[in-house]
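Q: using only what follows, build the 3D model:
(one chain, ligands or ions: 1)
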Amino acid sequence: MTIARVPQVPASETPLRLLGARIIDGTGREPIERGEVLIEKGVFSYVGPQRDEEIAGATTVDLTGKTIMPGFFDVHVHVSMGLETGFQAMAAQFPEERNIGTAATLRDTLMAGVTTIRDLGGLTPGFRNLIARGALVGPRAHMAISVLSPTGGHADMHMPNGLSLIPQEMAEMRLVDTDDEVRVTVRELIRTGADVIKVCTTGGVSSPSDTPSDLGVPEHHVRIAVEEGQRRQGQPVTAHAQGSAGILEAIKGGVASVEHGYEIDDEGIELMLEKGTYLVPTLSSALRVPDPAKVPPFLYQKKVVWSNIAREHVSRAIKAGVKVALGTDAGVCPHGTNLTELGHMVSLGMSPMDAITAGTMNAATLLRVEDALGSVEEGKLADLVITDVDPLTEIERLADPTEIRVVVQGGRVVKDNDAWLPVPVVLPGLAG
Ligand SMILES: [Zn+2]
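A: Just a heads-up that it's a prediction; the model follows:
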């Protein structure tokens, strides 16, 4: 891991000592009851059972009865997209409406307990840079920038008359039909600062002109994208893949993760286990059937069919032990309630502890930042959340962002609604 892949946020200077809470560290290990976390210069300098001795200069707080967990990851978001708008309305907005709207979404995502995101299409690197220098409050951000599909495929946002629905401020979607187009596009995206390359190996639920069973970027183009990443800093490839045939093409082509994976079959499950491929099942979107009065009939019908498919197939993959990382597809489902996904995972058969690991250490490993983030362990950057909820018996309550009472990012307290900590909340403004 290079540190460049871990967008930094400015650290707090005062050592902060949290005593008495239960610590669920993100690795899947048994919780530490009556634990202690010491944060110095933005890093965990002690994590373990509570110690008796005084520590000079530290701000100390008793958190008995509360639970500390790592800051969560959402590895599949579209923070520059909003449910309430849709592409047609978005195209009518002014740039400042869109950009400030994106900034508000980033803040809401952090307040929901998500200290790191991976944006899989739309977000431009300027937001990552603003967050990293403390000028904007938001999760540390990894990003794909653009999405690759063939002409007429899932990422092709042209209407039948040829006009594009993508507004100017959003990263454009990229159409690739030949080997060279794949190569050049991946190289351009890496030049622009992509941390991950996203390809669509199938169509989708929300696109009007294709279906989840349609095939998109073929296996040999996935392989070219993987090779190009490996020639650089190893930028991984992830695939939007919903129908079983396209899921197989993605896995065989060498992706690091399958997004959605709604119709994953036995062959796919076996291959994922063998290759260590992650599944990001985006259940917050898959299981959400919209109000039929509010969406076009094609979308409602597709949603009903595909949410049932997802429920059946994803629970089979979970049972088989496929590695799962937490991603919601927020932007297609509501922003700012990202931890709803934990309850969905548990409803499909995952244990609460495994769901927490999917949202912390597994996600960090998928993003290749596990040396610096993803768990409450000594030496790691101090990203954590504190709650009154018992995540092991009532994890679905974490869907409500007000249950995430405290959020600490890089040792800096960015949310503390009930003033549990005797330190000021640092919320950088837009002009920092
Ligand atoms: Zn998505």
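Q: only C-alpha atoms for contact and neighbour calcs from this point on.
A: Will do.
Q: excluding chain neighbours, what is closest to residue 256?
A: residue 277 (5.3 Å; Cα to Cα, 6 or more residues apart in numbering).
Q: distance of the one you found from residue 365?
A: 11 Å (Cα to Cα, to the nearest Å).
Q: ok, residue 398 next?
A: Distance, residue 398 to residue 365, using Cα to Cα: 23 Å.
Q: who has more neighbours, these two?
A: residue 398 (24 against 16; other Cα atoms under 10 Å).
Q: and the closest residue to the more buried one other than its chain neighbours, what is it in contact with?
A: Once flanking residues are discounted, residue 398 sits nearest to residue 339: 5.8 Å by Cα to Cα, 6+ apart. When contacts are counted by Cα atoms under 8 Å, 6 or more residues apart in numbering, residue 339 touches 112, 113, 398, 399, 400, 401.
Q: for the stretch 301-432 of the chain, give me the ranges with low pLDDT.
A: Along the stretch 301-432 of the chain, segments meeting pLDDT under 70 span 427-432.
Q: quick check: next helix or strand after the longest helix seen in the chain?
A: Longest helix of the chain, by residue count under DSSP state H: helix 297-320. Next in sequence after helix 297-320, counting helices and strands by DSSP states H and E, comes helix 340-347.
Q: buried sites along that next one?
A: Buried residues in helix 340-347, counted by 16 or more other Cα atoms under 10 Å: 340, 341, 342, 343, 344, 345, 346.
Q: next, work out how far apart residue 66 and residue 111 are.
A: Taking Cα to Cα, one finds residue 66 at 18 Å from residue 111.
Q: swap that for residue 189, sorry
A: Computed as Cα to Cα, the residue 189 to residue 111 distance reads 30 Å.
Q: between the two, who's got more neighbours?
A: Using other Cα under 10 Å as the criterion, residue 189 and residue 111 rank with residue 111 on top: 28 against 18.
Q: residue contacts, residue 76?
A: If you count contacts by Cα under 8 Å, 6+ apart, residue 76 has them with 117, 118, 119, 120, 259, 280, 282, 326, 327, 328, 329, 330.
Q: residue 194 against residue 144, yeah?
A: Yes. Between residue 194 and residue 144 there is a contact at 5.1 Å, judged by Cα atoms under 8 Å.
Q: the two: which has the busier surroundings?
A: Per other Cα under 10 Å, whichever of residue 194 and residue 144 has more neighbours is residue 144, with 29 against 22.
Q: what about the strands in the stretch 151-300 of the chain?
A: 174-175, 197-200, 237-241, 257-260, 278-280 (DSSP state E, counting those that start in this stretch).
Q: need these in CSV (columns: mean neighbour count and mean pLDDT).
A: Below are the strands of the stretch 151-300 of the chain laid out as CSV (neighbours: other Cα atoms under 10 Å; pLDDT from 0 to 100):
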stretch, mean neighbour count, mean pLDDT
strand 174-175, 22, 91
strand 197-200, 29, 98
strand 237-241, 30, 98
strand 257-260, 28, 98
strand 278-280, 27, 98
